[in-house]
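>>> how would this look folded up:
(chains A and B)
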There are 2 protein chains.
Amino acid sequence: MNFLEEKIVKEGVVKKGNILKVDSFLNHQMDVKLFRQMGEEFKKRFADKPINKILTVEASGIGIACIVAECFDVPVVFAKKSKSVNIDGEVYNAEVESFTHKCKNQVLVSKKFLNPEDHILIIDDFLANGCALQGLISIVSQAGGTVEGIGIAIEKGFQQGGKIIRNLGFQLESLAIVESMDASDGSVVFREQ
Amino acid sequence: MNFLEEKIVKEGVVKKGNILKVDSFLNHQMDVKLFRQMGEEFKKRFADKPINKILTVEASGIGIACIVAECFDVPVVFAKKSKSVNIDGEVYNAEVESFTHKCKNQVLVSKKFLNPEDHILIIDDFLANGCALQGLISIVSQAGGTVEGIGIAIEKGFQQGGKIIRNLGFQLESLAIVESMDASDGSVVFREQ
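Model prediction:
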C-alpha cells in the first residue's frame, strides 16, 4: 500500500451507499503534509509533461491543487460552480452532475485565464462517475488548451469515470483506486497499480 | 508598499460599486508563490501564538489557508456553505451574509474537527462587512476553542468589518487595507500600517 492507501485504511470510514468518508484528512479537515506527498508523487508521474497551469474545481479540489501547484511551480485556476457577480466578461462553461450533492451545476472559468498556449494538469480529490472531470476537460478544450494529464487523489474504480477517461486516451493517475468497499465491516480493497 | 499592495496596484481592477477584482492572482487564478509570501508574513506576525489549526471557509479561502498551514505545520479545517450528504453527525453552524453573492448562507463545521483544546488561526481572502468572519469566530466559540488570531489578505478598510473585529480585541492582521478606491481612474489608496 502507498501512503494514501494507508491513510484511507487508517482514517477513512465506509458508509452505506458506496460513500467513503475521508473528511478527517481530505475534504473537510485537510492534512497539508499528505497533500505535499501527493504533489511530489504527481510531479514524478507527470515528470515529462510541459505543465504550465493547474485546473481544479471548487471547493475541495482547491487545497490539493494549490500544494501540487507549488511542487510544479505553476499557478492554479479553479472553476466556479455558480455565476458570481465577480465573474464578468466571457466564460467557458460546462454542466456537471454531482454524485455527492445529487444536483446539476454549471462550472465556469473566465476566458482570461485559459488559452491555446496552456498545458494543463487537472487535479481533483475524487473521481467517481467522472462528470466533474468531463466538464473540466471540456473547458480546456473550449479554450484550445492541452490537457497534459489528470491527477486524482481517490478514484472509485467500481464506477465508470476512470475507465471512460482512460479510454479517451488521457493520462489519468489516481493515487488510490478503490475496487470495492464494505460498509458492514468497513473494509476497503484497492486496485493493484 | 508591501508585496501584496504592489500586486494589487499592478493587477487589481477597480469596478463600480466598490468592487476590487483580484481574480488574476487571488480568487479565480491563484498565485501560489504569492500565497507562500503571505504565509511567511503571517508566521512572523503570529510568531508568539500557539496555533495548532487553521480555519477558513470555502471556496476562495481554502488555497491561501492550505499554503499558510504549511508555513505553520498544522492542518486546515474549512467551513462548508451548504449541508452536504457527506456531513453527518453534529455540526457547529452560523449564518453569514455574502457581500459578493448577496445572499445568506449557513456555514457548517463538523464537531469532530474543532474542540476546546484548539488554538485557531482564522484565514480568509477578503474582509469587508465581516459577516463571514463573525460566523467563523462564533463556530470556534461554540467549540470552546481559542481564536489566536485572524489573517486576511485584503481588507476593505472603508467597511465596518475590521473595526468591529479589532474592537472585540482580536489580533486581526490584514496584509493590505484598502482605504479608498476610485473606479473612474482605477486608483487604490492603502492604509499605512
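
>>> from here on, contacts and neighbour counts on C-alpha atoms
Will do.

>>> which parts of chain A sit against chain B?
Residues of chain A found near chain B (C-alpha under 8 Å from any C-alpha of the partner chain) are A:21, A:24, A:28-33, A:58-59, A:62-63, A:65-67, A:69-70, A:73-80, A:84-86, A:100-101, A:113.

>>> which of the residues you listed count as buried?
A:21, A:24, A:28-33, A:58-59, A:62-63, A:65-67, A:69-70, A:73-80, A:86, A:113 (16 or more other C-alpha atoms under 10 Å in any protein chain shown).

>>> where along chain A do the strands fall?
Secondary structure of chain A by DSSP state E: the strands cover A:13-15, A:19-21, A:29-30, A:53-57, A:76-79, A:91-98, A:103-110, A:119-127, A:146-156, A:172-182, A:187-190.

>>> what's the burial count for A:E148?
Per other C-alpha atoms under 10 Å in any protein chain shown, the neighbour tally for A:E148 reads 19.

>>> hmm, I was thinking of A:I165
So A:I165, with other C-alpha under 10 Å, has 17 neighbours.

>>> What residues does it make contact with?
A:G130, A:Q134, A:L172 (C-alpha atoms under 8 Å, 6 or more residues apart in numbering or on different chains).

>>> List the residues that contact the last one.
Pointing back at A:L172 there. Contacts of A:L172 by C-alpha under 8 Å, 6+ apart are A:G149, A:I150, A:G151, A:I152, A:G162, A:I165, A:R166.

>>> I'd guessed the fifth one sits against A:A132; true?
If I follow you right, that is A:G162. No. At 11.8 Å, A:G162 and A:A132 do not qualify as touching, with contact defined as C-alpha atoms under 8 Å.

>>> Buried only: go through the contacts of A:L172 for me.
So, by 16+ other C-alpha under 10 Å, the buried ones in the contacts of A:L172 are A:G149, A:I150, A:G151, A:I152, A:G162, A:I165.

>>> Now render those residues as a markdown table, adding distance to A:G12.
Shown next, in a markdown table, are the buried ones among the contacts of A:L172 (distance: C-alpha to C-alpha, whole Å):
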| residue | distance to A:G12 |
| --- | --- |
| A:G149 | 27 |
| A:I150 | 23 |
| A:G151 | 20 |
| A:I152 | 17 |
| A:G162 | 21 |
| A:I165 | 26 |
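
>>> Cool, thanks, talk later.
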